[in-house]
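>>> structure for the following, please:
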Amino acid sequence: MSIPGISERFESPDEQLRAAIEGKLINLRVAIPGEIVDFNPKTQTATVQPTITENIRVGTGELEAANLPVLSDVPVQFPGGGGFALTFPVLPGDECLLVFADMCIDGWWQSGGVQNQMEKRRHDLSDAMCLMGFSSVPKAVEDPSLDAIAIRNEDNSTHIELKNNGIFLKGNIFINGSLDVNGTDFDNHVHGGVERGSGSTNRPE
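Here you go, the predicted structure:
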């Protein structure tokens, strides 16, 4: 068996086959870490730089490291469902994981629903999707909660923690709307037994 473009460099059929498979695998994408370059909140897409270089053989020489191209219009995942979503800032320098769809996602991305493939391609750089939250060791979250579900800022100066024994808040609290505690509306409640002096009021009514 002779494979065009490869037989000239490799003498045995096994070497030719191995080189052909290697060439195909170079263009088959599955997942790779990336770094956000820019984010468009209107389209919920990002420009992302893959952060692992590709080994490219130049001619018959040694392998050389080369940056993969910056990817544009990459859909960013915000966890959600049932009419609810968890959103957060996506900023330049944030790390992520890029996954590459089995098929062309252009039709789905533009229109949603079930769509035909606009191009026949598989695991292509053009079909990347961005999963936020993966990080390298230098950017790992410090002191993650081990006994709670937590929503927090990076330095943990503000957080909400859900534990077995309750919900714990740290930080300034701003309420835009009504506050109801055990059936009492704290916007419109009154206190009974009020008299001038040093005494305390009754519970709110």
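
>>> run through the residues that contact residue 151.
Residues counted as contacts of residue 151 (C-beta atoms under 8 Å, 6 or more residues apart in numbering) are 159-160. For the C-beta atoms, the positions are set from N, CA and C on the backbone; glycine is no exception.

>>> confirm that it sits in a strand.
Yes. Assessed by DSSP: H, G, I helix; E, B strand; the rest coil, residue 151 belongs to a strand.

>>> for it, give its distance to residue 175.
As judged by C-beta to C-beta, to the nearest Å, residue 151 and residue 175 stand 17 Å apart.

>>> quick one: pLDDT of the residue positioned nearest the centre of the chain?
In the chain, the centroid-proximal residue (C-alpha atoms, centre = their mean) is residue 132; its distance is 1.6 Å. Note on residue 132: pLDDT of 97.

>>> ok, and the closest non-adjacent residue to it?
Taking C-beta to C-beta, 6 or more residues apart in numbering as the measure, residue 132 lies nearest to residue 96, with 5.2 Å between them; neighbours along the chain are not counted.

>>> wait, doesn't residue 73 sit right on residue 38?
No. With contact defined as C-beta atoms under 8 Å, residue 73 does not count as touching residue 38 (10.8 Å).

>>> the residue nearest to residue 132 falls within a strand, correct?
Yes. The assignment for residue 96 by three-state DSSP puts it in a strand.

>>> that one: what's it in contact with?
Counted by C-beta under 8 Å, 6+ apart, residue 96 has contacts 33-36, 46, 48, 76, 130-134.

>>> repeat the analysis, applying 10 Å as the threshold.
Listed by C-beta atoms under 10 Å, 6 or more residues apart in numbering, the contact set of residue 96 reads 32-36, 46, 48, 51, 74, 76-77, 90, 128-135.

>>> just the residues you listed: which are in strands?
32-36, 46, 48, 74, 128-132 (DSSP state E).

>>> just the buried residues from those, in ChimeraX please.
In ChimeraX, selecting the buried portion of the ones in strands among the contacts of residue 96, with burial taken from 16 or more other C-beta atoms under 10 Å, looks like this:
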select :32,33,34,35,36,46,48,74,128,129,130,132
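
>>> may I see the ones in strands among the contacts of residue 96 arranged in TSV, with distance to residue 67 as well?
Formatted as TSV, the entries for those read as follows, by distance: C-beta to C-beta, whole Å:
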residue	distance to residue 67
32	12
33	13
34	12
35	12
36	16
46	17
48	12
74	16
128	15
129	20
130	18
131	21
132	22
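
>>> wait, which of the ones in strands among the contacts of residue 96 is closest to residue 180?
Compare each of the ones in strands among the contacts of residue 96 with residue 180 using C-beta to C-beta and the shortest gap goes to residue 132, at 33.9 Å.
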